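A.B. asks: Make a model of this:
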Amino acid sequence: MSQIYEEDYADTLSPTDYQFAKQHLTLKGLLKPFKGKGEYETLLQEIEFDISRLELISQRLINDTKNKLPIKYLPFYLKKRRLKNGSVYLSWKYLKTEINNGKTKRIETEGKQLIFDAFTHSNLSDADKQFIRELEIDRLTLNFQMRVAIRTRYLITELLPKFDELDTGYKR
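C.D. replies: Just a heads-up that it's a prediction; the model follows:
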């Protein structure tokens, strides 16, 4: 990479970006024995905080790469998708405008195939390809961590009413 373009070049995530996930979203922490509803509620609050932190990291990754090399000149970009369950996932988007019968039509496709196509059909340097590979690893890792947090949140919210039922039955 040329010194001239160094500040225009995007950065991927650093190990410190994943430090909180290493401390909070590990199986060791999630599989500890719980002693009651209060501990599950505390864990649920921690998971909500972790989900919002993952969203911030995802948004920063998008912002830090969208107008910088090599993403700046590629026909695709990272985009945030919010699902019904409240989670945010990163995906690759390709926006193309086609003209049919004098009418413009925007076609948006997504997927990892865009990455593989860029590796094989473009004039990217090895450094650019390596950057895109690292960016894809960051995207996959963030999405995986989000899935784990969302699933855990779902399981805990499903479990909490059972404690209430148990308490109601016990007091009789």
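A.B. asks: just checking, what packs against the longest strand seen in the chain?
C.D. replies: Longest strand in the chain, counting residues (DSSP state E): strand 88-100. Packing contacts for strand 88-100, counted by 3 or more Cβ pairs under 8 Å, 6 or more residues apart in numbering; DSSP states H and E, involve helix 37-65, strand 76-82, strand 103-110, helix 113-121, helix 126-171. (Glycine included, C-beta is placed from N, CA and C.)
A.B. asks: then it to PDB, C-alphas only?
C.D. replies: The C-alpha coordinates for strand 88-100 follow below in PDB (Å, rounded to 0.1, in the frame of the first residue of the first chain):
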ATOM      1  CA  VAL A  88     -28.800  -6.300  13.700                       C
ATOM      2  CA  TYR A  89     -26.900  -8.200  11.100                       C
ATOM      3  CA  LEU A  90     -24.300  -7.100   8.600                       C
ATOM      4  CA  SER A  91     -24.700  -8.200   5.000                       C
ATOM      5  CA  TRP A  92     -23.100  -7.300   1.700                       C
ATOM      6  CA  LYS A  93     -25.200  -5.300  -0.700                       C
ATOM      7  CA  TYR A  94     -24.800  -4.800  -4.400                       C
ATOM      8  CA  LEU A  95     -26.700  -1.900  -5.900                       C
ATOM      9  CA  LYS A  96     -27.100  -1.900  -9.700                       C
ATOM     10  CA  THR A  97     -29.300   0.300 -11.900                       C
ATOM     11  CA  GLU A  98     -30.700  -1.100 -15.000                       C
ATOM     12  CA  ILE A  99     -32.500   0.700 -17.800                       C
ATOM     13  CA  ASN A 100     -35.300  -1.300 -19.400                       C
END
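A.B. asks: Paired strands for that strand, with orientation please.
C.D. replies: strand 76-82 (antiparallel), strand 103-110 (antiparallel) (DSSP bridges).
A.B. asks: To residue 66, which of those lies closest?
C.D. replies: strand 76-82 (5.7 Å; Cβ to Cβ).
A.B. asks: what bits of this structure have low per-residue confidence?
C.D. replies: 1-7, 9, 20-33, 108-110, 172 (pLDDT under 70).
A.B. asks: again, only using 50
C.D. replies: Along the chain, the parts satisfying pLDDT under 50 run over 1-5.
A.B. asks: what does the longest strand of the chain contact?
C.D. replies: Applying Cβ atoms under 8 Å, 6 or more residues apart in numbering, the external contacts of strand 88-100 come out as 54-55, 58, 61-62, 75-83, 104-112, 114-115, 139, 142-143, 146.
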